[in-house]
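Engineer: Pasting the sequence and the predicted model now:
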Amino acid sequence: QKEVEQNSGPLSVPEGAIASLNCTYSDRGSQSFFWYRQYSGKSPELIMFIYSNGDKEDGRFTAQLNKASQYVSLLIRDSQPSDSATYLCASLAGTALIFGKGTTLSVSS
Amino acid sequence: DAGVIQSPRHEVTEMGQEVTLRCKPISGHDYLFWYRQTMMRGLELLIYFNNNVPIDDSGMPEDRFSAKMPNASFSTLKIQPSEPRDSAVYFCASSQTDQNEKLFFGSGTQLSVL
């Protein structure tokens, strides 16, 4: 069964720090990986996606992919209280996204 | 575009009743997905359609669940009869391609079965 695993948290960081969110996946055939942010009571929204091994940067966010280790991470630099949310990792299995259960991030001011 | 539109936003019903959830995808999106989210199981894929045709319904939990997409702008997810364990947030999402680079979610339907 294709699975995506995340530490549920909560992960607590002070404002301005780097938040590191991690994810592992079971399907070696997965080629694409996605990070979604979900505020409480809201729907998930896409932050970024990554296909290739290495790093991909978008503003304060950096996604990292290591296919050999089946590991994906999301770094949030200069964390802000507005970053407090649940972060969902997903892998593309065929056509549909398979999501992890999410990691709750809390950024304190 | 108004985005993916779901209705109702909240549904409270009694066990045994029929529940119908509705979704209007973004115009031009060929893929439509139904997900269910609970604290215990996270966000689970129930079924998805491509060009109105159901492609994979392996995530549909039981025969009590059914989904249809009669045209490109409308889909329904029906639960009959409903049970308390069906209580969850049901999300509809649509995408323009099969690579899901931009998968857009609706606001969800909060279902409570008493």
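Structural biologist: The structure has been received and is ready for your questions.
Engineer: Nearest residue to the residue in chain A that chain B sits nearest to in space, please, no chain neighbours.
Structural biologist: Shortest chain A-to-chain B distance, computed as Cβ to the nearest Cβ: residue-wise this is A:K101, at 3.5 Å. For every residue, glycine as well, the C-beta is placed using N, CA and C. Nearest-residue entry for A:K101: B:G42, 3.5 Å, with adjacent residues in sequence omitted and distances by Cβ to Cβ, 6 or more residues apart in numbering or on different chains.
Engineer: The residue of chain A closest to chain B and B:E44 touch, don't they?
Structural biologist: No: the criterion here is Cβ atoms under 8 Å, and A:K101 misses it with B:E44 at 10.0 Å.
Engineer: More neighbours: these two, which one.
Structural biologist: A:K101 (20 against 16; other Cβ atoms under 10 Å in any protein chain shown).
Engineer: quick one: contacts for residue 75?
Structural biologist: Here I'm looking at chain A. Counting by Cβ atoms under 8 Å, 6 or more residues apart in numbering or on different chains, A:L75 touches A:I18, A:A19, A:S20, A:L21, A:F61, A:T62, A:A63, A:Q64.
Engineer: think we crossed wires, I meant chain B
Structural biologist: Contacts of B:S75 by Cβ under 8 Å, 6+ apart are B:R22, B:C23, B:K24, B:P25, B:L32, B:W34, B:F49, B:A67, B:K68, B:M69, B:C92.
Engineer: This completes my enquiry, with thanks.
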